[in-house]
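> need coordinates for the below:
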Amino acid sequence: MTSYLCTLAGVSRSGYYNYFSAKSECLRSKRNDNDLEVKDIILKAFNFKKHKKGARQIKMVLKSQYGVVYNLKRIRRLMKKYDIVCPYRKANPYRRMVKATKEHKVLPNVLNRNFKQNTPGKVLLTDITYLFYKNKSKKAYLSTIKDASTNEIMAYNVSDSLTLDIVIDTITNLKKSKSVKFHPEAFIHSDQGSHYTSPKFQKLVKECGFGQSMSRRGNCWDNAPQESFFGHFKDEVNIKQCQTLEDLKNEIDQYMIYYNNYRYQWNLKRMTPVEYRNHLIDSTQYF
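Numbers count the residues shown, from 1 in each chain. Modelled structure (predicted):
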């Protein structure tokens, strides 16, 4: 009977008896004890700084923070054994849409980091950033358009949704602006995000009389001034305490007024963005 069952299970008769031998059971017990010790170390790395990690991140944290070196195979085996599951990024629905339709179009980098052209209303930088409020329990998004020459925020839009409307409404708000006269060669510069490669967005930009430029793939330096603004914004605005989306919008409205009109900047000859824009208009005839 034992031989028959071993044949069905695909194991040898000797292997079966060896598995249940006292020596093998002792080895398995020691291995399990060792695995439990290693599991505790892996969990320390897994929860390091209260951010859950995958196997590769765990390997790097173990080496840099605890001086422990394990290979990835061992880490993955123990994560699977003890059901240590790392977070995974959800697929971006807009990227899926891009792949499905293949209508999205990437455009050349016309700007080529020539940000400061001393020409108001010409180089318009745009991007989207995440905003966490209500003690980080709620998330919203901020889309802005910044004049690269003056640092002025010319238009912005706050939304709790990352649909295409967030950038469409930002362009619409830009066209409604009466305080700025646009240069005949004005263009919008962005990254290669699916919002900006969208046919609908590109059509609207063209209808508004703007050109369009895009950063190289994965190169944040090609839109550095816009990234810099988001950094200062998050340092200076207390958005975590906002309880509702309306509170958040009011806080942002107040900051934008302050930033454009009252926040003096050293690299703008110690003027505010609006003052510097008027200074450039008075000193040059660019259209």
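
> looks to me like Val158 is in a helix.
No: Val158 sits outside any helix when classified using DSSP: H, G, I helix; E, B strand; the rest coil, being strand.

> give me the nearest residue to it, chain neighbours excluded.
In this structure, Val158 finds its nearest non-sequential neighbour in Lys249, 5.0 Å apart by CB to CB, 6 or more residues apart in numbering. All C-beta spots, glycine's among them, are computed from the backbone N, C-alpha and C.

> go on, Ile58?
Ile58 sits nearest to Ala45 (CB to CB, 6+ apart), 4.5 Å away.

> got a pLDDT number for that neighbour?
Per-residue confidence (pLDDT) for Ala45: 88.

> what about Phe46, neighbour count?
Phe46: 22 surrounding residues under other CB atoms under 10 Å.

> what residues are up against it?
The contact partners of Phe46, taken as CB atoms under 8 Å, 6 or more residues apart in numbering, are 52-53, 58, 84, 86.

> just Ala22 next, same as before
Ala22 touches nothing, counting by CB under 8 Å, 6+ apart.

> assess the claim that the residue nearest to Ile58 and Lys52 are in contact.
No: judged on CB atoms under 8 Å, Ala45 makes no contact with Lys52 at a distance of 10.3 Å.

> how about the strands in the stretch 101-250 of the chain?
123-133, 138-147, 153-159, 187-190, 211-214 (DSSP state E, counting those that start in this stretch).

> export those as TSV, with columns for mean pLDDT.
Output for those, formatted as TSV (pLDDT from 0 to 100):
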stretch	mean pLDDT
strand 123-133	92
strand 138-147	94
strand 153-159	95
strand 187-190	90
strand 211-214	89
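
> for those strands, give me TSV that also has mean neighbour count and distance to Ile166.
As requested, these are exported to TSV (neighbours: other CB atoms under 10 Å; distance: least, CB to CB, whole Å):
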stretch	mean neighbour count	distance to Ile166
strand 123-133	21	7
strand 138-147	21	5
strand 153-159	21	5
strand 187-190	24	13
strand 211-214	20	17
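
> hang on, the earlier thing: which of the contacts of Phe46 sits closest to Leu72?
Using CB to CB, the shortest approach to Leu72 within the contacts of Phe46 belongs to Ile58, at 8.9 Å.

> ok, how many other residues are close to that closest one?
27.

> and the next element down the chain from the strand or helix carrying it?
According to DSSP states H and E, Ile58 maps onto helix 55-66. Using DSSP H and E, the next helix or strand after helix 55-66 towards the C-terminus is helix 72-81.
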